[in-house]
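**Q** dropping a prediction and its sequence here:
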Amino acid sequence: MSNSGYYTRRSAVRLLDKVMEDGRLLNDLIQSGGLSKLEPADRARAQRLALDTLRNLERADRVLQKHMKKTPDLHVHNVLRLATVELCLGGAAHGVVNDAVNIVAKNKRTAGMKGLVNAVLRKVDEKGQAEWDKLRVPRLPKWLRKPLAQAYGADTMLDIEAAHFAGAPLDLTVKEDAEGIAEAVGGVVLPNGSVRIADAGQVTALAGFKQGQWWVQDAAASMAARVLNAQPGETVLDLCAAPGGKTMQVAAAGATVTAVDDSASRMERLRENLKRVQLNATVVVGDVMAQEGQYDAILLDAPCSATGTIRRHPDLPFAKDGSEFGDLIGLQEVFLDHAIGLLKPGGRLVFCTCSLLPDEGEVQVEEAAERWADVTVDRDAVLIDGVDPAWITEEGGLRLRPDYWADKGGMDGFYVAMLRKGQ
C-alpha cells in the first residue's frame, strides 16, 4: 500500500488511543483537527477504520487473545486491534501487517514490540477469518449493559446490540417532496416521512444538498419536532439547539424560532445550515438558565448520556464509564423546570433526550408532572406518523429504540414527551 495507507492507519490508531485512554469522543477529536493533516479521502478512511475497530472491538480482542500470552501496552493493543479488524474483514495482509509493524517500530516507547506485532498478525491472517465468523455480536461494556438490560430485558438487549453492530444508514429530513428527494438520492421514505439512504457516500455530493432541500437528521431525532407540531406564527424556543436539525424543522413549519445553545462553534454550524437550507431563526449563544420571556411552545433536547446514538457512535461506550450520568440527570431536571417556567399559559413543551436510560426520559417526565400541578403529559401528541402505539410508555412519552424498524435499518434510541401547561 502507498505511504498514505501508513499515515491513515497511524491516524486511526491515534484516535483509538485518545478515545480509550483520554475518554475523548471521536466527533470532538475530528472537529478539533485530529485528522487535519490527511487528505480528505484519507481522512474519511481513517475515521472509518477507527469506527470499524470500535464496533468490532470485542471480536478483535477475542481473536487476539488466542495468539498472545498477555495484553500489551494500550497503544500496541490498539494497533493490533485495528489490524485484526482489517484482516478479518478481508484486508490485504501485506499492507495491513507492514503498516502495523511500522507504526509500532517508529514509536520509541513501543519499538521493541514490533516482532510481537508481526508474529501475532501473521497468525491472525492465517486463522483469524475462520475464528471471526464464529464470534457473537459484540456486547456493550458491563457499566452500560447492566442498567439497559434491567430496563428492557435480556432478549431486547441482544436486539439492541445487534442494531448497534449493524451501524446506521443516513437519514434526511426534507423541506418538501420526500418522494422526489428519495428518488433523486436513491433512498426510501420512512413511515415518519424521513428519507433513508443505505449507502450515501459523500453527503455534500448528494442531489439537493447545495439547493438546501434537506438536512441530515436521524429519523428518531426528527420525531421530537414532529410531536411539537409548530404552527405558522407561533413563538418557539429551541433549547440546547445545536447542531440545529430541530430548529430547521420548526422554522420550516413557519414558526418564529429562537435557538439557544452554549457552544459557539456548534451554533456557527447551525448558522451555516440555516443559510444553506434558506430558513430563518434567531440564534443565541448562551446559557439555557439565562433565557427569559414567554413562548407558545418550547423544545428542550436536554444534555444527556447520548446512549441512544451508539449505532452511529460506537466510541461512546469506550470513552465513557457512566460516572457523569448523575450530574446530567440533575441538569436535565433543572433545565426542564426552567423551560416549563418560560411557557405561556396553555403552552406546550417537548422534552427529549437521545438516551436509552429511563432516568433520562420516562422518570424525568413522570417527576416533572408531579412537581408541577398545572402540567400534564399529552400522550396523544406523540402518536404521530410512523409511531407504533406500543412505543408509548406508561407516563405518556414515546420510547424509541435502536431495534425498532430493524428491517429498515433501525433508529437511534430516543425519548420524546409532550407536556402541556394549564391556562
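**A** Yes, it's here.
**Q** residues contacting Val284?
**A** Applying C-beta atoms under 8 Å, 6 or more residues apart in numbering to Val284 gives the contacts Thr258, Ala259, Val260, Asp261, Gln291. Glycine gets a C-beta too; all of them are placed from N, C-alpha and C.
**Q** cool, Val350 as well?
**A** Here Val350 is in contact with Ala224, Ala225, Val227, Leu228, Ala297, Ile298, Leu299, Leu300, Val416, Ala417, Met418, Leu419 (criterion: C-beta under 8 Å, 6+ apart).
**Q** the same query, at a cut-off of 10 Å, please.
**A** 223-230, 236, 238, 246, 297-301, 339, 378, 381-382, 398, 416-419 (C-beta atoms under 10 Å, 6 or more residues apart in numbering).
**Q** in helices, which of those residues appear?
**A** Among the contacts of Val350, the residues falling in helices (DSSP state H) are Met223, Ala224, Ala225, Arg226, Val227, Leu228, Lys246, Ala339.
**Q** now for Thr247: which residues touch it?
**A** Applying C-beta under 10 Å, 6+ apart, the residues near Thr247 are 225, 236, 238, 241, 257-261, 270, 273-274, 279, 281-283, 299.
**Q** out of these, which end up buried?
**A** Listed as buried from the contacts of Thr247 are 225, 236, 238, 241, 257-261, 270, 273-274, 279, 281, 283, 299; burial here means 16 or more other C-beta atoms under 10 Å.
**Q** between the ones in helices among the contacts of Val350, which sits nearest Met411?
**A** Using C-beta to C-beta, Met223 is the member of the ones in helices among the contacts of Val350 that sits closest to Met411, with 8.8 Å.
**Q** so how far is Asp385 from that closest one?
**A** Distance from Met223 to Asp385, counting by C-beta to C-beta, to the nearest Å: 9 Å.
**Q** Ser355 too?
**A** Distance from Ser355 to Asp385, by C-beta to C-beta: 23 Å.
**Q** and the longest strand for the protein?
**A** strand 343-353 (DSSP state E).
**Q** per-residue pLDDT, the residue most central in space within the chain?
**A** Taking C-alpha atoms, centre = their mean as the criterion, Thr309 is the residue nearest the geometric centre of the chain, at 3.2 Å. What the model reports as pLDDT for Thr309 is 97.
**Q** with Gln423 instead?
**A** 86.
**Q** residue contacts, it?
**A** Taking C-beta under 10 Å, 6+ apart as the test, what Gln423 contacts is Lys344, Pro345, Gly346, Gly347, Asp374.
**Q** send me the helix or strand containing Thr84 as PDB with only the CA atoms.
**A** Counting by DSSP states H and E, the element that carries Thr84 is helix 74-88. Only the C-alpha atoms of helix 74-88 are listed here, as PDB (Å, rounded to 0.1, in the frame of the first residue of the first chain):
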ATOM      1  CA  LEU A  74      -2.700   0.100  25.100                       C
ATOM      2  CA  HIS A  75      -1.100   1.700  22.000                       C
ATOM      3  CA  VAL A  76       0.300  -1.600  20.800                       C
ATOM      4  CA  HIS A  77      -3.000  -3.300  21.600                       C
ATOM      5  CA  ASN A  78      -4.900  -0.700  19.500                       C
ATOM      6  CA  VAL A  79      -2.500  -1.200  16.600                       C
ATOM      7  CA  LEU A  80      -3.200  -4.900  16.800                       C
ATOM      8  CA  ARG A  81      -7.000  -4.400  17.100                       C
ATOM      9  CA  LEU A  82      -7.200  -2.200  14.100                       C
ATOM     10  CA  ALA A  83      -5.100  -4.600  12.000                       C
ATOM     11  CA  THR A  84      -7.100  -7.600  13.200                       C
ATOM     12  CA  VAL A  85     -10.400  -6.000  12.200                       C
ATOM     13  CA  GLU A  86      -8.900  -5.100   8.800                       C
ATOM     14  CA  LEU A  87      -7.600  -8.600   8.200                       C
ATOM     15  CA  CYS A  88     -10.700 -10.300   9.400                       C
END
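**Q** roughly how far is that helix from the heart of the chain?
**A** Distance of helix 74-88 from the chain centroid (C-alpha atoms, centre = their mean, to the nearest Å) equals 24 Å.
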